[in-house]
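K.L.:
got a sequence here, can you model it:
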Amino acid sequence: MISRIIIAAAVALFFTPAARVLSQEHPEHPSKGAAATKKGGAEKRMSTADISTGIKRNIEAETKKSSDGKFHVQHEGQNLAMDLMKVHDDRLQDLGDGKYFACVDMKGTDGKTYDIDFFLTGQPGKMKVTETAVHKIDGKPLYNWKEENGKWQKVPAA
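P.N.:
The predicted structure follows:
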């Protein structure tokens, strides 16, 4: 009898789809490949390489503009001066409607490591950052992401 219950439970679990993750580190969507954008009637493909190039160009341009040669982000009333360490190419996302997401690691002049979330818009070669947010400080998340009705929302870190 017990073995039948165990077998039934195992079969039920095998055929039950995995539970959806309610809270994640970054907005992530099923891979659609490159995003299609229209320009002059012709379709252009937005790739993760285009998003990566766009965020790197933005950081480089902002760094060149600053008097100290650092990238600056405002966080809780502080002006954080940082250097780029890494663009997380595995976390670049097409959010739809010409909006894109990028995550980077930066080293602050205060010695801390910052995970910065960037939101971008635009076409390949002409992307603009519309929002930045400090997601983690020294690996500790300040917020997480949760998908509700097809839209990603920031939620407090547990």
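K.L.:
helices and strands of this structure: which one bottoms out on pLDDT?
P.N.:
Lowest by mean pLDDT, DSSP states H and E among the helices and strands of the chain is strand 35-39, with a mean of 43.
K.L.:
pull the contacting residues for Lys154.
P.N.:
Ala133, Tyr143, Asn144, Trp145 (Cβ atoms under 8 Å, 6 or more residues apart in numbering). The C-beta positions use only the backbone N, C-alpha and C, and glycine is treated the same way.
K.L.:
helix, strand or coil: sort out it for me.
P.N.:
On the three-state scheme (DSSP: H, G, I helix; E, B strand; the rest coil), Lys154 is labelled strand.
K.L.:
check what pLDDT it gets.
P.N.:
Per-residue pLDDT puts Lys154 at 85.
K.L.:
beta-bridge partners for it, please?
P.N.:
Beta bridges link Lys154 to Trp145, judged by DSSP bridges.
K.L.:
please, where are all the strands along the chain?
P.N.:
Here the chain has its strands, by DSSP state E, at 35-39, 42-46, 71-75, 78-87, 93-96, 99-108, 113-121, 128-137, 140-141, 143-148, 151-156.
K.L.:
that's all I had, so thanks and see you.
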